[in-house]
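J.: What would the 3D arrangement of this be:
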Amino acid sequence: MTPWPRARALLGLALAGLLAACSSNPDAGGPSRVRVVDSHGIPIMNATLLADDEFPSGGQRVYSQEELNARASDAQGYFHVDLDESLWRGDGFYHFRVHRVGYEDEVMVVSKDLFPPLLRIEMKAAAAGQQAAPGR
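T.: Residues are numbered from 1 along each chain as shown. This next block holds a predicted model:
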């Protein structure tokens, strides 16, 4: 085999690998396993994912602004939050709430064993004149 066809084949393989990497799901194997969208499938930015405590200490947890910012969805609607803090050891389920002003809160309980590679949460807009439930 002459060097040109071999180089062309290697270049084709490298290009195919690059294209496969570019089209891969950004969530695969990463911490962004939850995405929030509206009823039209448009990503919702700045929704907040809050873990429900397995053993509440009696009062609502108060988050600092920095903590809320870290729990907010990005421009594509992805959360970059460690879901393990919402995992209840007693039942093996993730328990969390997604809050965004202007939308109804979504309360989620999802099995750790059956958690999908990407959980897509569709939030419903709050009715006109109705105030969304306050976040914690």
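J.: Touching, Arg61 and Asp53? I think so.
T.: Yes: counting by CB atoms under 8 Å, Arg61 does reach Asp53; the two are 7.0 Å apart. Every C-beta, even on glycine, is put in place using the N, C-alpha and C of the backbone.
J.: Just want the most central residue of this protein.
T.: Val34 (2.2 Å; CA atoms, centre = their mean).
J.: In contact with that one, which residues?
T.: Going by CB atoms under 8 Å, 6 or more residues apart in numbering, Val34 touches 49, 78-79, 81, 83, 98, 118-119, 121.
J.: how about those residues in a markdown table, adding neighbour count, distance to Val109 and pLDDT?
T.: Conversion of these to a markdown table gives the following (neighbours: other CB atoms under 10 Å; distance: CB to CB, whole Å; pLDDT from 0 to 100):
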| residue | neighbour count | distance to Val109 | pLDDT |
| --- | --- | --- | --- |
| Leu49 | 22 | 14 | 96 |
| Tyr78 | 20 | 21 | 97 |
| Phe79 | 25 | 16 | 96 |
| Val81 | 21 | 16 | 92 |
| Leu83 | 18 | 12 | 93 |
| Val98 | 23 | 12 | 97 |
| Leu118 | 14 | 18 | 95 |
| Leu119 | 16 | 12 | 96 |
| Ile121 | 18 | 12 | 97 |
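J.: Stretch 85-98: end-to-end distance?
T.: 14 Å (CA to CA, to the nearest Å).
J.: That one: which residues count as buried?
T.: Residues of stretch 85-98 classed as buried by neighbour count (16 or more other CB atoms under 10 Å): 86-88, 93-98.
J.: try stretch 95-114
T.: 95-100, 103-106, 108, 110.
J.: Among those, which ones are in strands?
T.: 95-99, 106, 108, 110 (DSSP state E).
J.: Just checking the distance from stretch 103-115 to the centre of its chain.
T.: 11 Å (CA atoms, centre = their mean, to the nearest Å).
J.: Kindly report the same for stretch 97-106.
T.: Distance of stretch 97-106 from the chain centroid (CA atoms, centre = their mean) equals 14 Å.
J.: What of stretch 91-104?
T.: Per CA atoms, centre = their mean, the centroid offset for stretch 91-104 relative to its chain is 11 Å.
J.: Run through who's touching it.
T.: So stretch 91-104 is contacted by 34, 36, 38, 44, 46-52, 54, 83, 86-88, 105-113, 115, 121, 123-126, 132-136 (CB under 8 Å, 6+ apart).
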